[in-house]
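Q: Below is the sequence, then the predicted model.
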Amino acid sequence: MLSAVEALFGLMFPYVRLSADEIEHRLRPLVEQAYQGDSTAQGAAQRMLDGFREWVAASRAYRHEPGAAEPAQPPMDVAILAISTGASWLRWLAGLAEDRPT
């Protein structure tokens, strides 16, 4: 799931790696623009970005990197939570990308 989110982020922001700094630098302004004029949605979406940053960090804890030791496998409930939450992030990012001016 993390790979799919990273791929979409890369399509939205070419030559950028998904990281906490890039979420702040690239995605936060896009969210501000998307919910301009709706202060409630703006506040909620900005707080959700904080959760997105945390999801990315948590997901990387279980990522296998080529050449590195095999990471521990998450417990089933954590894996299901990470996958289902990631699917929601993926859908939200796709909507933001779709509405984004080119």
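A: That came through, no problem.

Q: Using the three-state scheme, assign E70.
A: coil (DSSP: H, G, I helix; E, B strand; the rest coil).

Q: So, low pLDDT: which residues of the protein?
A: 64-68, 101-102 (pLDDT under 70).

Q: So which residues of it form helices?
A: Ranges of helices in the chain, per DSSP state H, are 2-12, 20-22, 28-34, 39-60, 76-99.

Q: Any chance you could spot the residue sitting in the middle of this protein?
A: F52 (4.9 Å; C-alpha atoms, centre = their mean).

Q: The nearest residue to that residue once chain neighbours are set aside: neighbouring residues, count only.
A: Closest residue in space to F52, ignoring its immediate chain neighbours: W89 at 5.7 Å, by C-beta to C-beta, 6 or more residues apart in numbering. In short, each C-beta sits where N, CA and C put it, glycine included. Look at W89: counted by other C-beta atoms under 10 Å, it has 21 neighbours.

Q: just to revisit the earlier point, any chance of the helices of the chain in JSON lines, plus distance to A69?
A: Listed next are the helices of the chain as JSON lines, based on distance: least, C-beta to C-beta, whole Å:
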{"stretch": "helix 2-12", "distance to A69": "18"}
{"stretch": "helix 20-22", "distance to A69": "24"}
{"stretch": "helix 28-34", "distance to A69": "34"}
{"stretch": "helix 39-60", "distance to A69": "15"}
{"stretch": "helix 76-99", "distance to A69": "19"}
